[in-house]
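[1] Provided below are the primary sequence and the corresponding predicted coordinates.
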Amino acid sequence: MSLPADTPNQSLRILHLVSSPTTSGPCVYVLELSQMLRQLGHQVTIVARPDSWMAAEAHRLQFETLVSDQYRFPFDEIQRLRQVVLERQIDVVHTHMSRAHFMGVLLRGLCHVPCVATAHCRKVQAHWVLNNHVIATSLDTERFHRRYNLVPRDRISTIYSPVPRRSGLNQFAPLYDAREIRELRRQWGCDVTSSKEVVLGVVGEISPAKGQWYLLQAVRRLQEASRHVRLVVIGNHREDHVWELQKVARDLGIGSQVHWAGFSNRVPLAMMAMDIYVCPSLDESLPLTILEAMSVARPIVATSVGGIPEIIHQRETGMLVPPRDANALASAIAEIIDHPGLAQRIGLQAWQKIQTDFDPLEQTKKIEQLYYKLLLTTQKTTNQSRAA
């Protein structure tokens with residue numbers, strides 16, 4: 001039987017439902033959060049889709065891992081997960097991505113356990129108001145869900161994603177030997193004998209909403225302005241769109257300057273091998289990749305959409321440009337290339353912001369306290385119902 005929810009250091013049994021079929025920011029978020037929750041003494045079970053990257057990584061990190069397609073119909077999976085929640089005496093269900101969110105609110109009703117949903121994106125959907133609480137990953141996302149999904153003010157809060165803490169820039173030397181970075185750049189087709197080539201990088205889903213088309217246009221403009229750049233695109237989603245973008249690059253005459261790296265499970269190393277990180281998205285909540293680039297002190301050029309301006313401050317922690325503007329992207333990148341002092345300064349200030357505002361333990365403790373609060377409220381409601 002669970003201790004009272006307001007008991008300090010109570011060990012909670014937490015069930016994370018994740019419905020992403022591929023690697024994604026929400027998956028990385030769940031793994032980082034789960035590791036921190038385990039460090040705080042909680043028991044974490046992860047439910048992921050069969051044959052997914054999330055299931056493989058959760059198993060590799062030695063979390064208790066269950067697989068489920070998380071379909072609502074027919075009712076077999078709902079009943080199976082209901083049994084999991086009841087038999088394992090789960091205290092809190094925490095959901096990520098649309099299919100998991102719907103499953104979570106169903107389990108809330110069937111099992112009478114509090115359900116928390118993290119809003120990794122901004123979509124108009126009916127399920128948001130059915131959760132006990134919604135965690136927004138940016139203030140902009142919180143405003144969206146309050147306005148369009150009618151989530152009450154007292155049932156939504158912004159808690160930024162936990163980002164692995166870097167104790168100091170010098171700590172990377174023993175972790176990532178300069179030879180590894182040099183080899184990775186060579187694999188990308190870079191001229192490792194020259195210091196003049198600038199490597200631009202973008203990591204994440206390759207899709208129209210991520211704006212890679214505008215980045216290719218910006219690379220063409222940089223080439224025309226005699227800037228020696230190479231673009232590395234990491235990500236392997238939406239193969240049809242990848243092929244389309246590859247054709248665009250060839251038609252622009254920059255095919256040889258763009259390396260399509262596909263999926264990578266060594267993103268921190270890849271970001272360290274980049275000179276400038278670029279986020280050309282057309283719409284975002286707050287991409288985890290930007291936080292990861294900040295954590296390794298990369299100068300960043302990003303579009304001023306969603307929650308990005310909450311952490312990227314112009315010429316302080318990065319460079320902001322309007323979305324859908326290849327000329328502005330090219331100009332901001334060129335300014336960083338032409339001013340090494342600016343690049344170093346904003347990279348360092350970005351790293352400092354991660355250290356002060358995105359400590360993974362502090363962010364996880366905020367979520368932990370939310371769990372305690374919701375569990376206490378649920379227990380009080382249950383006791384009052386029984387008394388009545």
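    Received it, and whenever you're ready, just let me know what you need. Residues are numbered from 1 along each chain as shown.
[2] need the contact list for Gln257.
    Listed by Cβ atoms under 8 Å, 6 or more residues apart in numbering, the contact set of Gln257 reads Val219, Gln223, Val229, Arg230, Leu231, Ala249. Backbone N, C-alpha and C define where each C-beta goes, glycine included.
[3] mind redoing it with 6 Å?
    By Cβ atoms under 6 Å, 6 or more residues apart in numbering, the contact set of Gln257 is Arg230.
[4] Relative to Leu222, how far out is it?
    With the distance defined as Cβ to Cβ, to the nearest Å, Gln257 ends up 9 Å from Leu222.
[5] just Ser304 next, same as before
    20 Å.
[6] neighbour-wise, which of the two wins?
    Leu222 (23 against 14; other Cβ atoms under 10 Å).
[7] Buried residues in the helix or strand hosting that one, which are they?
    Using DSSP states H and E, Leu222 sits in helix 212-224. The neighbour-count check on helix 212-224 (16 or more other Cβ atoms under 10 Å) flags Gln212, Trp213, Tyr214, Leu215, Leu216, Gln217, Ala218, Val219, Arg220, Arg221, Leu222, Gln223 as buried.
[8] Now the helix or strand harbouring Gly104: buried residues?
    In the assignment (DSSP H and E), Gly104 maps to helix 98-111. For helix 98-111, the neighbour count (16+ other Cβ under 10 Å) marks Ser98, Arg99, Ala100, His101, Phe102, Met103, Gly104, Val105, Leu106, Leu107, Arg108, Cys111 as buried.
[9] same thing with stretch 243-250?
    Within stretch 243-250, the residues that count as buried by 16+ other Cβ under 10 Å are Leu245, Val248, Ala249.
[10] Average pLDDT for it, rounded please.
    The average pLDDT for stretch 243-250 rounds to 95.
[11] Alpha carbons only: can I get it in CSV?
    Extracted in CSV, the C-alpha atoms of stretch 243-250 (Å, rounded to 0.1, in the frame of the first residue of the first chain):
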residue,chain,number,x,y,z
TRP,A,243,14.3,12.2,-51.5
GLU,A,244,12.5,15.4,-52.4
LEU,A,245,15.0,17.5,-50.5
GLN,A,246,18.0,15.6,-52.0
LYS,A,247,16.6,16.5,-55.4
VAL,A,248,16.2,20.1,-54.3
ALA,A,249,19.9,20.2,-53.2
ARG,A,250,21.0,18.8,-56.6
